[in-house]
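1. dropping a prediction and its sequence here:
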Amino acid sequence: MNFQKKILCIGAGYVGGPTMTVIADHCPQYKVTIVDINEEKIAAWQTDELPIYEPGLLDVVKRTRGKNLFFSTDIVKEIDEADIIFVSVNTPTKTFGEGKGKASDLQYLEKTAHAIVAASNSAKIIVEKSTLPVRTAEALEKILNSNEKGIHFEVVSNPEFLAEGTAIRDLENPDRVLVGSRETEEGFKARQTVVDIYKNWVPDERIIRSNVWSSELSKLVANAFLAQRISSINSISALCEKTGADVTEISRAIGADSRIGNKFLNASIGFGGSCFKKDILNLVYISETLGLTEVAEYWENVIKMNEYQEKRFVKRMLVTMFNTLANKKIVLFGFAFKADTGDTRETPAYYVAKMLLEEHANVFITDPKALKNAKIDLAEFGDKVNYIEDPYEAAKEADAIAIMTEWNLYKTLDYKKIYDSMRKPAHLFDGRNILNLSQIEEIGFDSHAIGIQ
Ligand code: NAD
Ligand code: UDX
């Protein structure tokens, strides 16, 4: 079949996979190929056991795979053939050298840029899909356009705003799509080419055009603002636990103000995920390097509050359980950083598990989708941690349950059955405020939730 354009995505992860699948689904006129250096991942994308769990993803993959969606490890050939290349490689926090623990590690991005230069024989549009520090496009342009073949690459920023667990819904019906470019004739043309992809299913009024720096920075700012709301409500949850005010009632009361809005006001054990912490740290680092100390400190506090929330949760467990957790069986209900994903990157459950192990508790973990990742994350603790898929089995003879992830499953369990199988007094700590505490207490549990005395 003759395709109008060839779109390539480098990086077949949580962003590259779902994003490109949805593009393929809405643009049968384009050939969409996803490549990765990870052969295992590319092989998995070609089976029904996809490398990531995301509701609805498999259906879209099945609709498009082999028609206009392809997976490959032949990166050189695919780069050469592509008209537009989305770069969706990981940009984790640096773990070494200058900026360690804060700055973005751009080595995967830079390797990709060099691979593009080496394999290209024609002009291409390079789309920044990964989340990047502001002004990365400048560095990319330098690497790409310093080629000796006389090929011109135009860099466009198109950050991704999908959230895990709702990725397909978010991609199908995005609040907005952001496309930033250089404000030159070639920049505008490249921007329009990227806009035209989205116009196949996204209404034009939801496609925001901007300059390339605003686009890059908007992504960091969007995540910082979202995380800031969680830290703000979590800070209030601490106050509620001391005063008898109920944080869920406060969220409802303040969220009804249309200027505040009711989303992202659920007090919790803390935010996790691969993005919030990394992107705020990056914002902090950029501000610091530009000499904006107050700006850096302001955003750093969003992360400090999150860490405080995780520590506070474990402290509350300790105090409630008579100041010793040693040899007590504690079951974590959920290990994923949020419901409907198997992703455990930066999950608060990891930090809680670690703190409980430091208190010499016997830690058991149950989760419908994240046990494989949990075992990898906690491998250093060997058989000190136990993994059981069935929550009823996991809870047997336990001293306490701590809800870490708001899986629907945990809202619908038979807690009377669970209570009967536990040691008494049976404690329940709801880190996601998903249970009706008065019903739980009626069963006999000693129960505690976030932001409720
Ligand atoms: P990921 O780790 O799941 O996927 C990245 C993939 O890139 C990996 O499969 C890796 O093997 C591959 N890769 C790395 N270097 C490569 C190279 N040189 N050539 C080919 N492939 C290479 O990461 P992710 O969660 O998909 O995130 C990717 C980017 O998108 C990051 O910048 C992230 O901040 C951003 N982002 C993530 C989310 C999210 O919810 N996960 C949302 C929005 C934006
Ligand atoms: C986030 C952004 O939402 C998304 O736009 C961006 O592209 C990537 O980062 P993600 O991390 O996948 O998405 O999930 P999100 O729904 O934002 O949740 C992040 C964390 O915050 C989770 O641990 C979640 O449980 C927590 N959270 C969210 C709360 O604790 N309270 C809330 O009210 C909302």
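-> Everything's here; your move. Ligands and ions are numbered 1, 2, ... in the order given.
2. so D343 touches P51, yeah?
-> No - between D343 and P51 there is no contact under CB atoms under 8 Å: 11.1 Å. For the C-beta atoms, the positions are set from N, CA and C on the backbone; glycine is no exception.
3. those two: who's more crowded?
-> D343 (22 against 18; other CB atoms under 10 Å).
4. now do the same contact list for the more buried one.
-> 14, 52, 164, 273-274, 336-337, 370, 373 (CB atoms under 8 Å, 6 or more residues apart in numbering).
5. mark which of those residues are part of helices, please.
-> N373 (DSSP state H).
6. closest to ligand 1 among the contacts of D343?
-> Distance to ligand 1 across these (CB to the nearest ligand atom) is lowest for Y14, with 3.5 Å.
7. count of neighbours near the closest residue to the closest one other than its chain neighbours?
-> Ranked by CB to CB, 6 or more residues apart in numbering and with sequence neighbours excluded, the top spatial neighbour of Y14 is I52, at 5.6 Å. Neighbour count of I52, defined by other CB under 10 Å: 20.
8. let me see the confidence value for I52.
-> With respect to pLDDT, I52 has a value of 96.
9. from I440, how far off is it?
-> 33 Å (CB to CB, to the nearest Å).
10. repeat that for Y108.
-> From Y108 over to I440 (counting by CB to CB), the distance is 45 Å.
11. ok, the two, which is more surrounded?
-> When neighbours are counted by other CB under 10 Å, I440 comes out ahead of the other of Y108 and I440, with 20 against 17.
12. I'd like the contacts of D343 as CSV, with distance to K31 appended.
-> CSV is the format used below for the contacts of D343 (distance: CB to CB, whole Å):
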residue, distance to K31
Y14, 23
I52, 23
E164, 27
G273, 32
S274, 29
A336, 34
F337, 34
A370, 34
N373, 32
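13. run through the contacts of D343 and flag the ones next to ligand 2.
-> 164, 273, 337 (CB under 6 Å from any ligand atom).
14. local confidence estimate at the nearest residue to the last one once chain neighbours are set aside?
-> I take that to be F337. Excluding its sequence neighbours, the residue lying closest to F337 (CB to CB, 6+ apart) is G272, at 3.2 Å. Note on G272: pLDDT of 98.
15. tell me the phi and psi of G272?
-> Per-residue torsions, G272: phi -130, psi -160 (degrees, to the nearest 10).
16. could you count how many residues lie near it?
-> Using other CB under 10 Å, G272 has 25 neighbouring residues.
17. if I look at N223, how far off is E288?
-> Using CB to CB, one gets 18 Å for the distance from N223 to E288.
18. interface residues of this structure facing ligand 1?
-> 10-16, 36-38, 41, 88-91, 108, 111-112, 130-131, 160, 162, 164, 274-275.
19. of those residues, buried ones?
-> Neighbour-count burial (16 or more other CB atoms under 10 Å) applied to the residues of the chain next to ligand 1 gives 10-16, 36-37, 41, 88-91, 108, 112, 130-131, 160, 162, 164, 274-275.
20. quick check: longest helix of this structure.
-> helix 212-243.
21. how far off centre is that one?
-> In terms of CA atoms, centre = their mean, to the nearest Å, the centre of helix 212-243 is found 15 Å from the chain centre.
22. can you list the strands that the host helix or strand of F364 pairs with?
-> Element membership of F364 [criterion: DSSP states H and E] is strand 362-366. Paired strands of strand 362-366, with direction, are strand 329-333 (parallel), strand 385-387 (parallel) (DSSP bridges).
23. contacts made by the shortest one with the rest, please.
-> Pointing back at strand 385-387 there. So strand 385-387 is in contact with 353, 357, 362-366, 371, 374-375, 378, 394, going by CB under 8 Å, 6+ apart.
24. can you do 7 Å?
-> With CB atoms under 7 Å, 6 or more residues apart in numbering as the test, strand 385-387 has contacts from 353, 363-365, 371, 374-375, 378.
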